[in-house]
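S.K.: Have a look; sequence and predicted model below, questions after that.
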Amino acid sequence: MLMLDSHFRTLRGFQVLIEKEWISFGHKFASFIDCVWQMTKQFPTAFEFNEHLLLTILDHLYSCRFGTFLYNCESARDVNEVRTKTLSLWSLVNSKMEIYLNPFYTPESGRVLYPVASMRHLELWVTYYIRWNPRIQHQQQSPVEQRYRELLALRDEYLKKLEQLQMSDSSSTSSDLANSTAPNAASSTPPKQYLRTPL
């Protein structure tokens, strides 16, 4: 479904996919998340969410902080009233959506993904599987992604300044119009006279 429908590659669509296909039916969740991460590496602009979302989901898979992943089936969740007694993980994710967004995302509604499943193209997910190893330093944000975020912040700043300038310009134009329509004998200028010269 991720490969065929771009809706499930958005942040909200991915939540629906997890609820529908994995929580309800109990598939191998950890294997699924690793496959999604491999696809995000092969198609870095196709997914609206980033690696941080996948890490958050896996961290809370067994944390029991949220009721989203408690019990093995829907009937057990209904009997134990999970939805009324616990919070959903999506309440946390949706309250801080900006930290889970991929800055390189470009929405393409009809695009179908064809990932390469060859072992040569698979990578070890270091920030998940080896992140607690003291020998492995925690990977920082890539310089390209960091620069992209800086440029986005700069763009937002310039757009705000442009909006302020347009607002001040429109208010000064309206005040000039109001002044020009008011009768003022002192400021009136005599009409221009044109001289005719023979050719």
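M.R.: Cool, the structure landed. Keep in mind the model is a prediction, meaning the values are calculated, not measured.
S.K.: CA only for contacts and neighbour counts going forward, please
M.R.: Fine.
S.K.: which stretches of this protein have low pLDDT?
M.R.: Within the chain, the stretches with pLDDT under 70 are 26-31, 136-145, 173-199.
S.K.: now do 50
M.R.: 185 (pLDDT under 50).
S.K.: Which residue ranges of it form strands?
M.R.: Using DSSP state E, no strands are found in the chain.
S.K.: can you give me the helices in it?
M.R.: Ranges of helices within the chain are 11-17, 29-42, 51-59, 74-79, 82-85, 89-95, 126-129, 143-181, based on DSSP state H.
S.K.: what's next to the fifth one, contact-wise?
M.R.: Contacts to helix 82-85, defined as C-alpha atoms under 8 Å, 6 or more residues apart in numbering, come from residues 67, 70, 77.
S.K.: Counting neighbours, what do you get for the residue lying closest to the first one once chain neighbours are set aside?
M.R.: Counting by C-alpha to C-alpha, 6 or more residues apart in numbering, G67 lies nearest to T86, which is 5.1 Å off, once chain neighbours are set aside. Using other C-alpha atoms under 10 Å as the criterion, T86 is surrounded by 14 other residues.
S.K.: Repeat that for the one 5 residues further on.
M.R.: S91 is surrounded by 11 other residues when neighbours are defined as other C-alpha under 10 Å.
S.K.: re the thing from before, what's the closest of the helices of the chain to M119?
M.R.: Closest of the helices of the chain to M119 is helix 29-42, at 11.2 Å (criterion: C-alpha to C-alpha).
S.K.: Quickly list what the residue most central in space within the chain is bridged to.
M.R.: Central residue of the chain (C-alpha atoms, centre = their mean): L101, 3.0 Å from the mean position. Note on L101: beta-bridge partners by DSSP bridges are F49.
S.K.: does it really touch E51, like I thought?
M.R.: No - applying C-alpha atoms under 8 Å as the test, L101 and E51 come out as separate, 9.0 Å apart.
S.K.: circling back: with distance to V126 as added columns, please give the contacts of helix 82-85 in JSON lines.
M.R.: Output for these, formatted as JSON lines (distance: C-alpha to C-alpha, whole Å):
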{"residue": "G67", "distance to V126": "28"}
{"residue": "L70", "distance to V126": "27"}
{"residue": "R77", "distance to V126": "33"}
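S.K.: Tell me the one among these nearest to D34.
M.R.: L70 (20.5 Å).
S.K.: any idea how far that closest one is from A117?
M.R.: Per C-alpha to C-alpha, to the nearest Å, L70 is found 32 Å from A117.
S.K.: Neighbour count: those two, which is higher?
M.R.: The neighbour comparison of L70 against A117 (other C-alpha under 10 Å) goes to L70, with 19 against 11.
S.K.: Can you give me every residue that contacts that one?
M.R.: The contact partners of L70, by C-alpha under 8 Å, 6+ apart, come to 64, 77, 82.
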